[in-house]
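In: I'd like to go over a predicted model; first the sequence, then the structure.
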Amino acid sequence: MRSLLRRCAKCGAYTLRKDVCPKCGGPLEVPHPPKYSPEDKYQIYRIKMKVMAGKMPVKEETRLKILSS
Ligand SMILES: [Zn+2]
């Protein structure tokens, strides 16, 4: 999903607005999107499958986190 967040190029404030900065009226830019490689994108699914199959020993807390993601 693409971020809806915009950042003011002038004062650096973050906003959900798409036109101008609510603070100073400066121009908005899309903040640097996080770098994704296709491998990273699918890694969570591979981990999830392993955890679900019981092939990866993880802490209960971590397991719940992974399964709910
Ligand atoms: Zn601003």
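Out: Noted; the coordinates are in hand. If you're wondering where the values come from, they're calculated on a predicted model, not measured in any experiment.
In: let me see the ranges of the helices in the chain.
Out: 38-52, 60-67 (DSSP state H).
In: which one, of those helices, ends up nearest to the ion?
Out: Between the ion and the helices of the chain, the shortest gap by Cβ to the ion is with helix 38-52, which sits at 32.0 Å. The way it works is simple: take the backbone N, C-alpha and C, and place the C-beta from them, glycine included.
In: tell me what the closest one is packed against?
Out: helix 60-67 (3 or more Cβ pairs under 8 Å, 6 or more residues apart in numbering; DSSP states H and E).
In: what angle separates the helix it packs on from helix 38-52?
Out: In terms of direction (axes from the mean of the first three to the mean of the last three Cα atoms, to 10 degrees), helix 60-67 departs from helix 38-52 by 130 degrees.
In: what number of residues are in the vicinity of C21?
Out: Residues lying near C21 (other Cβ atoms under 10 Å) number 20.
In: any idea how far the worst-scoring helix or strand of the chain on mean pLDDT is from the chain center?
Out: Lowest on mean pLDDT, DSSP states H and E among the helices and strands of the chain sits helix 38-52, with a mean of 81. Computed by Cα atoms, centre = their mean, to the nearest Å, the chain-centroid distance of helix 38-52 equals 16 Å.
In: which residues does that helix contact?
Out: M56, V58, R63, I66, L67, S69 (Cβ atoms under 8 Å, 6 or more residues apart in numbering).
In: let's see 10 Å
Out: Outside helix 38-52, the residues that touch it by Cβ atoms under 10 Å, 6 or more residues apart in numbering are 34, 37, 55-58, 62-67, 69.
In: now the buried members of those residues.
Out: Buried members of these, scored by 16 or more other Cβ atoms under 10 Å, are R63, I66.
In: tell me the least confident of the contacts of helix 38-52?
Out: Within these, P34 has the lowest pLDDT, namely 65.
In: between the contacts of helix 38-52, which is closest to P22?
Out: The closest of the contacts of helix 38-52 to P22 turns out to be P34 (Cβ to Cβ; 24.2 Å).
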